[in-house]
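*Asks:* Turn this into a model:
(one chain, ligands or ions: 1)
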Amino acid sequence: MKLIIDTANIEKIKDYLTYLPVDGVTTNPSILKKEGSIEFVNHMKEIRSLIGKEKSLHIQTIAEDYEGMIKDARKIVDLIDREVYIKIPVSKDGLAAIKTLKAEGFNITATAIYSEIQALLATELEADYLAPYVNRMSNLNTDPYKVISNISRNISATNSDTCILAASFKNVGQVLKAVQAGSTHVTVGTDVIDVFLANANITKAVNDFGNDWEAVHGNFEI
Ligand code: E4P
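*Replies:* Below you'll find the model as predicted:
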């Protein structure tokens, strides 16, 4: 499981980089809203300098129409860097933008995927990543794991290089099921990441080991 972090919070990113196998960072306008009135370009550059070029940085376009998306994408790579994955929602305009941008050599993450057909179309256009929205699909009574498994089968059958980057999680169980269904990458927000290790048994085990050592050896260190 390649873990990408779905936040633009600098302190959280710094913290996760110290102990998690972080593979990249994703943002979208709603995620950025949580950070208040940040200076967009500088903030994205700061995230890039924290994660380095070897990890992927996914930044979403703001515009809803084709021309606007193309303009946003060009500005993002000009102002930040060419390695950025441009996140584009798979709408009619979004698909047109993906087509144009892929032809120009951009890295693309096709996002806002609620259905198999959106994913198949974006795969055919050679999007680098597909972001199926797990929790949002569940809310609509669509089985996200069936969708992911079918997308995964299509990727294998067509020998495509596209990767599945499942997104929109509300709990750890959803993350695990998405991986079991065939998602090689997951992007997970802070609410869910922060419960990965929040298990009282882990704390108890660590304390018990410490106490058992101390009972025999006192403060003696190895
Ligand atoms: C990825 O970056 C997606 O945009 C994000 O995971 C969506 O999550 P949400 O459904 O919690 O808004």
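
*Asks:* max-length helix in this structure?
*Replies:* The longest helix of the chain (DSSP state H) is helix 200-217.

*Asks:* What lies in contact with that one?
*Replies:* With contacts defined as C-beta atoms under 8 Å, 6 or more residues apart in numbering, helix 200-217 is touched by no residue outside it. Any C-beta I mention is one placed from the backbone N, CA and C, and that applies to glycine too.

*Asks:* can you give me how far that helix is from the chain middle?
*Replies:* Between the centre of helix 200-217 and the centre of its host chain there is 36 Å, according to C-alpha atoms, centre = their mean, to the nearest Å.

*Asks:* same question, stretch 66-82
*Replies:* On the basis of C-alpha atoms, centre = their mean, stretch 66-82 sits 20 Å off its chain's mean C-alpha point.

*Asks:* Show me what it is in contact with.
*Replies:* Here stretch 66-82 has contacts from 41, 44-45, 48, 53, 57, 59, 61-63, 84, 86, 88, 93-94, 96-97, 100-101, 106, using C-beta under 8 Å, 6+ apart.

*Asks:* Also within reach of the ligand: list those from those residues.
*Replies:* Applying C-beta under 6 Å from any ligand atom, the subset of these adjacent to the ligand is empty.

*Asks:* May I see the PyMOL selection of the buried members of the residues you listed?
*Replies:* Buried residues within these, by 16 or more other C-beta atoms under 10 Å, are selected in PyMOL with:
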select buried, resi 44+48+57+59+61+84+86+88+93+94+96+97+101+106
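
*Asks:* Per-residue pLDDT of the most centrally placed residue in the chain, please?
*Replies:* By C-alpha atoms, centre = their mean, the chain has its centre lying nearest to residue 187, at 2.8 Å. At residue 187 the predicted local distance difference test score is 98.

*Asks:* And the particular helix or strand that has it in it, what's buried?
*Replies:* Residue 187 is part of strand 185-188 when elements are defined by DSSP states H and E. Under the neighbour-count criterion of 16+ other C-beta under 10 Å, strand 185-188 has 185-188 buried.

*Asks:* Can you tell me which of those is closest to the ligand?
*Replies:* residue 187 (5.1 Å; C-beta to the nearest ligand atom).

*Asks:* Quick one: residues contacting that closest one.
*Replies:* Listed by C-beta under 8 Å, 6+ apart, the contact set of residue 187 reads 4-6, 24, 26, 58, 131, 165-167.

*Asks:* Mind naming the longest strand for this protein?
*Replies:* strand 107-113 (DSSP state E).

*Asks:* Give me the helices and strands touching it, please.
*Replies:* Other helices and strands packing on strand 107-113, by 3 or more C-beta pairs under 8 Å, 6 or more residues apart in numbering; DSSP states H and E, are strand 56-60, strand 85-89, helix 92-103, helix 116-124, strand 129-132.

*Asks:* residues in contact with the closest residue in space to residue 189 that isn't next to it in sequence?
*Replies:* The spatial neighbour of residue 189 that comes closest, neighbours along the chain excluded (C-beta to C-beta, 6 or more residues apart in numbering), is residue 6 at 4.3 Å. Residues in contact with residue 6, defined by C-beta under 8 Å, 6+ apart, are 25-27, 31, 167, 187-190.

*Asks:* Same question for residue 169.
*Replies:* Residue 169 makes contact with 134-135, 175, 178, 186, 188-189, 192, according to C-beta under 8 Å, 6+ apart.

*Asks:* quick one: pLDDT of it?
*Replies:* At residue 169, pLDDT is 98.

*Asks:* No more questions from me, cheers.
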